[in-house]
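Engineer: turn this into a structure:
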Amino acid sequence: MTPKTLPRRLPPADSRICAPDRLLPADPAARAIARRLYEGVATLPIISPHGHTDPRWYAEDQPFADPARLFVVPDHYVFRMLYSQGVPMEALGIPARDGTPVETDPRRIWRLFAANYHLFRATPTRLWLDHALAALFGLDERLSAANADATYDLIAEALAEPAYRPRALYRTFDIEVIATTEGALDDLAWHARIAASGWDGRVVTTYRPDAVVDPDFEGFRDNLRRLGEITGEDTATWTGYLAAHRKRRAFFKSHGATASDHGHPTARTADLGPVEVERLFQRIVSGEAGPEEADLFRGQMLTEMARMSLDDGLVLQIHPGSRRNHNAGIFARFGRDMGADIPGPTDYVAALKPLLDAFGNEPNLTIILFTLDETAYARELSPLAGHYPALRLGPPWWFYDSVDGMKRFKDQVIETAGFYNTVGFNDDTRAFPSIPARHDVARRVDCAHLAELVVAGRLDPDEAEELAHDLAYGLAKKAYRL
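Structural biologist: The predicted structure is shown next:
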């Protein structure tokens, strides 16, 4: 195997493992329309407004270490599937915070991954991986135990080339802007280093304050003290605590942030009076608050963040409904974000009413709602976004950023909310090579859906072309103020 030479822009990943018309409709008439629509958007620049890639990659621009640490170790979509089939996390080289010894030989990790590649059949992860392996490295046979060493050598050889460094891949992927996500206590040193380097790639941060908003977050009270030290505010008082958030938001804006992000267990919001909120806050900082008070405080803080967004312009993203770190044993040994976040039912109509009563009619506020509860699409989310000027619906997320998940979303949401109360697509990934693959899948699914609407006489061809462009590029850029 010989590494391919990367062009300036990544071409479609058409090969024996990536059929040219993949994901397009089976009906010949609809497929022909979808193909034309896709050809019009396939090479649009990527707007990546919400993700979790490491800003250090762009700051240092060092080669990626090896195939295993590029594809396996950072990607919870990959290692959660392997773990579900009995592959130990330690064997996959996932760093342990409890001192557990883990595999350090990347070739052995890659062999284990390749030998279990069949586990990903028909999953979105398989689509992303096949696309990356074909488009980036020219792989034209499916990954397996038989070719594990050959593919490892091919990828490792390519990663040593300048064309495969983060900044070069940013250009090859044709990324126009990418947002990372940092906690409220982060010093954003890597973002500062990117800015000081003079590189013209656009990497912005996102304000994620969960560690100082969620009383159930590990180390919460210490985090509050640290927030006070960073900002020079008395975070043991309600007014000082809010002032500290305003300062941190301004600091994040100075490093390009256009959005905040909030991963709460529920969508609950609250809008308490001054006396009530002071009393609640003192219960929180004293450590005496119970589960109900903790949830009420998280809800109050969503409303406070919306209030701050009216002042500073940050888009408010709400990611509720994930029962995070469900596997207590994995959390204790490996920490957060290890593939054990599990969806749960989420109420939006009642839960969001205090926030919407306060700010739902504000045309200058953008609140982007995500969900892991598909039962809420048609019943709650679509009617809410189809009415309140402040609300927009984010794309299917986590378990549903998949072909069928995207189809179900469109089938249930568009009729009531319309296309323009959604925000296009974001890739929400830690796995850098999957970014163009994820956007390609979304563009194909969108074009297939639009083509079927044209065939059914519900859209004119020119409208479908405009919508394909908006869904691939324009809606995300507008919604996230990029």
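
Engineer: contacting residues for the closest residue to residue 206 other than its chain neighbours?
Structural biologist: Closest residue to residue 206 apart from its sequence neighbours, by C-beta to C-beta, 6 or more residues apart in numbering: residue 181 at 4.5 Å. C-beta coordinates here come from the backbone N, C-alpha and C atoms, glycine included. Residue 181 is in contact with 50, 51, 52, 205, 206, 208, 261, counting by C-beta atoms under 8 Å, 6 or more residues apart in numbering.

Engineer: again, only using 10 Å
Structural biologist: Shown in contact with residue 181 (C-beta atoms under 10 Å, 6 or more residues apart in numbering): 50-53, 55, 205-208, 257, 259-261, 263, 317, 428, 430.

Engineer: do you know the pLDDT at it?
Structural biologist: On the pLDDT scale, residue 181 is placed at 98.

Engineer: I'd like the distance between it and residue 26.
Structural biologist: Using C-beta to C-beta, to the nearest Å, we find residue 181 at a distance of 38 Å from residue 26.

Engineer: tell me if I am right that residue 316 is in a strand.
Structural biologist: Yes. Residue 316 sits within a strand when classified using DSSP: H, G, I helix; E, B strand; the rest coil.

Engineer: who are the contact partners of it?
Structural biologist: Counting by C-beta under 10 Å, 6+ apart, residue 316 touches 207, 259-262, 302, 305-310, 355, 359, 365-369, 390.

Engineer: do me a favour and average the pLDDT over stretch 208-218.
Structural biologist: pLDDT averaged over stretch 208-218 gives 96.

Engineer: list the buried ones in stretch 157-164?
Structural biologist: Using 16 or more other C-beta atoms under 10 Å as the test for burial, stretch 157-164 gives 158, 159, 163, 164.

Engineer: was I right to think the third one contacts residue 169?
Structural biologist: Yes. Contact criterion C-beta atoms under 10 Å: residue 163 and residue 169 qualify, at 7.8 Å.

Engineer: and the gap between residue 42 and residue 35?
Structural biologist: Residue 42 is 10 Å from residue 35, where distance means C-beta to C-beta.

Engineer: got a list of what the spatially most central residue of the chain touches?
Structural biologist: The residue lying closest to the centre of the chain (C-alpha atoms, centre = their mean) is residue 428, at 1.6 Å. Under the criterion of C-beta under 10 Å, 6+ apart, the neighbours of residue 428 are 48-52, 181, 319, 370, 394-398, 401, 438.

Engineer: that one in helix, strand or coil?
Structural biologist: Secondary structure, three-state DSSP: residue 428 is coil.

Engineer: phi and psi next, for it.
Structural biologist: Phi and psi for residue 428, reported as degrees, to the nearest 10, are phi 50, psi 50.

Engineer: what's the pLDDT at it?
Structural biologist: Looking at residue 428, its pLDDT is 93.

Engineer: so where do the strands sit in the stretch 351-482 of the chain?
Structural biologist: 367-369, 391-393 (DSSP state E, counting those that start in this stretch).

Engineer: check which helices and strands the last one is in contact with.
Structural biologist: Spelled out, it's strand 391-393. Contacts defined by 3 or more C-beta pairs under 10 Å, 6 or more residues apart in numbering; DSSP states H and E place strand 391-393 against strand 315-318, strand 367-369, helix 382-385, helix 403-417, helix 475-479.

Engineer: need those in CSV (columns: distance to residue 245 and mean pLDDT).
Structural biologist: As requested, the helices and strands packed on strand 391-393 are exported to CSV (distance: least, C-beta to C-beta, whole Å; pLDDT from 0 to 100):
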stretch, distance to residue 245, mean pLDDT
strand 315-318, 13, 98
strand 367-369, 17, 98
helix 382-385, 26, 98
helix 403-417, 30, 96
helix 475-479, 23, 98
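
Engineer: low-confidence ranges in the chain?
Structural biologist: Along the chain, the model assigns pLDDT under 70 to residues 1-14.

Engineer: quick one, strands of the protein?
Structural biologist: Along the chain, counting by DSSP state E, strands occupy 46-48, 175-179, 182-183, 203-204, 207-208, 259-262, 315-318, 322-323, 342-343, 367-369, 391-393.

Engineer: so can I have a markdown table of those showing distance to residue 453?
Structural biologist: Output for those, formatted as a markdown table (distance: least, C-beta to C-beta, whole Å):
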| stretch | distance to residue 453 |
| --- | --- |
| strand 46-48 | 23 |
| strand 175-179 | 28 |
| strand 182-183 | 39 |
| strand 203-204 | 34 |
| strand 207-208 | 36 |
| strand 259-262 | 30 |
| strand 315-318 | 28 |
| strand 322-323 | 32 |
| strand 342-343 | 29 |
| strand 367-369 | 24 |
| strand 391-393 | 18 |
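
Engineer: so which of these is nearest residue 123?
Structural biologist: Closest to residue 123 of these, according to C-beta to C-beta: strand 342-343, at 16.3 Å.

Engineer: what does that closest one rub up against?
Structural biologist: With C-beta under 10 Å, 6+ apart, strand 342-343 has contacts from 321-327, 371-374, 397-400.

Engineer: pull the CA atoms of stretch 205-221 into CSV?
Structural biologist: C-alpha atoms of stretch 205-221 as CSV (Å, rounded to 0.1, in the frame of the first residue of the first chain):
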residue,chain,number,x,y,z
THR,A,205,-13.8,28.6,21.5
THR,A,206,-17.2,27.9,23.1
TYR,A,207,-18.1,28.7,26.7
ARG,A,208,-19.1,25.5,28.6
PRO,A,209,-19.7,26.4,32.3
ASP,A,210,-21.1,23.0,33.5
ALA,A,211,-18.3,22.6,36.1
VAL,A,212,-19.3,25.8,37.9
VAL,A,213,-23.1,25.6,37.2
ASP,A,214,-23.9,22.0,38.1
PRO,A,215,-23.7,21.3,41.8
ASP,A,216,-23.4,17.6,41.0
PHE,A,217,-20.2,18.1,39.0
GLU,A,218,-17.2,16.7,40.7
GLY,A,219,-15.2,19.3,42.6
PHE,A,220,-18.0,21.9,42.2
ARG,A,221,-17.3,23.9,45.3
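
Engineer: roughly how far is that stretch from the heart of the chain?
Structural biologist: Distance, stretch centre to chain centre, for stretch 205-221: 18 Å (C-alpha atoms, centre = their mean, to the nearest Å).

Engineer: and the nearest residue to residue 217 once chain neighbours are set aside, how far from residue 404?
Structural biologist: In space, and not counting its chain neighbours, residue 217 is closest to residue 211: 5.0 Å by C-beta to C-beta, 6+ apart. Applying C-beta to C-beta, the value for residue 211 to residue 404 is 34 Å.

Engineer: equivalent analysis for residue 241, please.
Structural biologist: 43 Å.
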